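J.: here is a sequence with its predicted model. Questions after.
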Amino acid sequence: MAALRRIFKNANLFFAGNSFAGAVVEFTPPKTKLKTEEFRGGGMDAPVDITQGMEKLTTEFSVKECSPLLLGSASPREGQNRSFIMRGALEDWDGTITPRVIIMRGKVTNVDQGSLKPGGESQLKVEMTLDYYQDTINGTLVLEIDVLNMTYITNGKNELAEISSALGL
């Protein structure tokens, strides 16, 4: 039998320095999807995709808590970005625990309270667009994206360094 590796076992969410241990229901990390444009020039028998940056980074999480901090987290003003950290535990079949830490910063775009029913269970869902994302597994940086500073670090290399340099950034 093949050994199971790094199964996501549990998580805790920290928002504005406050722990939501025991309240986290679900967390959806952002998709890192490239924005491409199809190109077919003369002498080409088929088109190719040309990368034109990335799609917007979005994330969402849900908690079973009517938190005033989360309820008031959206702002119509620029520069009111919020930060949060998701800490997870990955477990191998042999019992080895590996920490995963995801740090994100961005704009809260939606706070959904769902349906409020007396005696019923309710969830608070927060959606965000991100300008910063960092994913670390067992202390190793897996991915870091800093949209405003044109940084995309993966496998220890900033993939946008040469473009940034060409632009004088």
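T.: On my side now, so go ahead.
J.: going forward, measure contacts between C-alpha atoms and count neighbours the same way
T.: OK.
J.: work out the gap between the longest helix seen in the chain and the centre of the chain.
T.: Using DSSP state H, we find that the single longest helix of the chain is helix 161-166. On the basis of C-alpha atoms, centre = their mean, to the nearest Å, helix 161-166 sits 25 Å off its chain's mean C-alpha point.
J.: quick one: mean pLDDT over that helix.
T.: The average pLDDT for helix 161-166 rounds to 94.
J.: how about stretch 18-32?
T.: For stretch 18-32, the mean per-residue pLDDT is 92.
J.: give me the buried stretch members for the worst-scoring helix or strand of the chain on mean pLDDT, please.
T.: In the chain, no helix or strand scores lower on mean pLDDT, DSSP states H and E than helix 68-71, which sits at a mean of 84. Counting neighbours by 16 or more other C-alpha atoms under 10 Å, one finds that the buried residues in helix 68-71 are Leu70.
J.: for stretch 63-81, measure first residue to last.
T.: Distance between the two ends of stretch 63-81: 20 Å, counting by C-alpha to C-alpha, to the nearest Å.
J.: hmm, who's touching that stretch?
T.: 20, 23-26, 82, 105-111, 121-126 (C-alpha atoms under 8 Å, 6 or more residues apart in numbering).
J.: pull out the buried residues from the residues you listed.
T.: 20, 23-25, 82, 105-111, 122-126.
J.: restricting to C-alpha, output stretch 120-129 in CSV.
T.: The C-alpha coordinates for stretch 120-129 follow below in CSV (Å, rounded to 0.1, in the frame of the first residue of the first chain):
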residue,chain,number,x,y,z
GLY,A,120,-30.2,27.5,14.1
GLU,A,121,-26.6,27.2,13.2
SER,A,122,-25.2,30.2,11.3
GLN,A,123,-22.0,30.9,9.5
LEU,A,124,-20.2,34.0,8.6
LYS,A,125,-18.4,34.0,5.2
VAL,A,126,-15.7,36.5,4.3
GLU,A,127,-14.5,37.0,0.7
MET,A,128,-11.3,38.9,-0.1
THR,A,129,-9.2,40.0,-3.1
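J.: what about Phe8, neighbour count?
T.: 15 (other C-alpha atoms under 10 Å).
J.: which stretch of helix or strand covers it?
T.: Per DSSP states H and E: Phe8 is located in strand 7-15.
J.: after that strand comes which helix or strand?
T.: The C-terminal neighbour of strand 7-15 among helices and strands, as given by DSSP H and E, is strand 18-19.
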